[in-house]
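Visitor: how would this look folded up:
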Amino acid sequence: MVSDRVKSKNVCVIGAGPSGLVAARELRKEGHTAVVLEQNHDVGGQWLYEPNVESEDPLGKKKFLNVHSSIYDSLRIASPREIMGYTDFPFLVKKGRDMRRFPGHKELWLYLKDFCEWFGLKEMIRFNTRVEYVGMLDYGEFGKDIKWVVKSKEKTAEKVVEEVFDAVVVATGHYSQPRLPSIKGMDAWKRKQMHSHIYRVPEPCRNEVVVIVGSSQSGQDISMEIVEVAKEVYLSARSLEITEGLSKVISKHQSLHLHPQIESLHEDGRVQFEDGSCVIADTIIYCTGYSYTFPFLDTKGIVVVDDNRVGPLFEHTFPPSLAPSLSFIGIPRKLIGFPFFESQAKWIAQVLSGKRRLASWDDMMQFIKEFYHSRELARIPKSNTHDIADFQYCDKYADYSESPHLEEWRKQLCISSIVNSFANLETYRDSWDDDDEQLLQQSLLTPHFTQLGPQPQT
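Guide: Numbering: from 1, shown residues only. A predicted model of the protein is given here:
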């Protein structure tokens, strides 16, 4: 629904990562005044690598984490760079930098810095500022303007700063707070336990017997790295039905073993698996994913995180009872992130300005109820509520703000890289077939890559 009446709001964006940066740009473009509060010294969010993790609890059990980024030193992006850029700022190859299709994490961080500089966003950001509290100034009826109190604190300051905003956009990411399994004997196990959130380099595991819990992307990556230095590596997976790519890796390394889930841990260092086998381990690394958490946010119980479902949220973005003054960017997973965050940012900015209107409270709540029901029918666990894996959904979402749909070449390159990773886990980032190469060359000639004109090769 489109309206001609445009209002300017004073908006607080929490986080200067990929979703927070594009939120700041779209809010400013729509005529709002936006300030971005960022706890770190630079932009990038998850992509701002932090090698020093000594101050962090190994299992990440504190309410406020000391370290935000979960990136390890050797990490390379899992998707080809061509598909990752925002719609009007392609992720171009730059001479003298990491020119690979699947570059290391530093290159993506530099891309975000380039984006920030190109659009002049730095002046909107307050760095080294941690948000400690966000709450309603005065909660009234639905549809009435709710204002928000935001309390923040600079790292070097004693004083907490309190401000009032017309709206708050939460863009804090979801790859920081460790999600841990519940294993019998876990608290009594005396040896080294850590979540992959604080894993950085393999060297501390040299000559050790290591158990890695979880065989998703980080579990696979870390296993392949640690097996080069550890005495033995035991990969504990929920299912022993694994991809061809992982099977190739295991068959290549005599010291890498696949096991079922852990049944129990014992004080003498024993790790017992569900099939009855056991090993004496030195270290356990939990590659078991992350939880959504908003320790600063007080909505009086209106927005809750229940088994990793943030809700109720209309289209993963607006809580109906607090919309549009409170919104979330970057909650959905398993999609091409940056273009999706951009369409979220456009929609939020347009709803706040009055250019577009949300459905009624009843209609939004009914939509959420039907969505939850559809997930239950599809037997999708509650913890995977925000996993999308559906290009059609992304295109439908883009229509809310008349954002462009994902180009076909983006979709095809995304799918082909996933298929290649399933078959060739160790090599997919560096080799692909002729069809992929042809599609890549065609995509580089599209307006997405030529829109900025010739770029200086710095």
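
Visitor: mind listing the helices for the protein?
Guide: Ranges of helices in the chain, per DSSP state H, are 18-29, 81-84, 105-118, 217-226, 244-252, 337-353, 361-377, 391-398, 408-423, 434-443, 447-450.

Visitor: Could you pull out the buried residues of the last one?
Guide: Buried residues in helix 447-450, counting neighbours by 16 or more other CB atoms under 10 Å, are found at residue 448. Where you see a C-beta, it was placed from the backbone N, CA and C, and this is true even at glycine.

Visitor: how much space between the nearest residue to residue 341 once chain neighbours are set aside and residue 414?
Guide: Using CB to CB, 6 or more residues apart in numbering and skipping residues adjacent in sequence, the residue nearest residue 341 is residue 19, 4.2 Å away. Counting by CB to CB, to the nearest Å, the gap from residue 19 to residue 414 is 19 Å.

Visitor: And these two? Which one has more around it.
Guide: Neighbour tally, residue 19 and residue 414, criterion other CB atoms under 10 Å: the higher count belongs to residue 19, 28 against 19.

Visitor: Return the residues in contact with the more buried one.
Guide: Shown in contact with residue 19 (CB atoms under 8 Å, 6 or more residues apart in numbering): 45, 171, 173, 329-330, 341, 344-345.

Visitor: The same query, at a cut-off of 7 Å, please.
Guide: For residue 19, the contacting residues are 171, 329-330, 341, by CB atoms under 7 Å, 6 or more residues apart in numbering.

Visitor: Equivalent analysis for residue 101, please.
Guide: Each residue near residue 101 by CB under 7 Å, 6+ apart is listed here: 80-81.

Visitor: Likewise for residue 411?
Guide: Counted by CB under 7 Å, 6+ apart, residue 411 has contacts residue 391.

Visitor: these two touch, right, residue 364 and residue 313?
Guide: No. The pair residue 364 / residue 313 is not scored as a contact, 9.3 Å apart, by CB atoms under 7 Å.

Visitor: Distance to residue 99 and mean pLDDT for the helices of the chain - can I get that in JSON lines?
Guide: Below are those laid out as JSON lines (distance: least, CB to CB, whole Å; pLDDT from 0 to 100):
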{"stretch": "helix 18-29", "distance to residue 99": "21", "mean pLDDT": "98"}
{"stretch": "helix 81-84", "distance to residue 99": "9", "mean pLDDT": "97"}
{"stretch": "helix 105-118", "distance to residue 99": "9", "mean pLDDT": "98"}
{"stretch": "helix 217-226", "distance to residue 99": "21", "mean pLDDT": "96"}
{"stretch": "helix 244-252", "distance to residue 99": "25", "mean pLDDT": "97"}
{"stretch": "helix 337-353", "distance to residue 99": "19", "mean pLDDT": "98"}
{"stretch": "helix 361-377", "distance to residue 99": "41", "mean pLDDT": "97"}
{"stretch": "helix 391-398", "distance to residue 99": "28", "mean pLDDT": "96"}
{"stretch": "helix 408-423", "distance to residue 99": "17", "mean pLDDT": "96"}
{"stretch": "helix 434-443", "distance to residue 99": "14", "mean pLDDT": "93"}
{"stretch": "helix 447-450", "distance to residue 99": "15", "mean pLDDT": "91"}
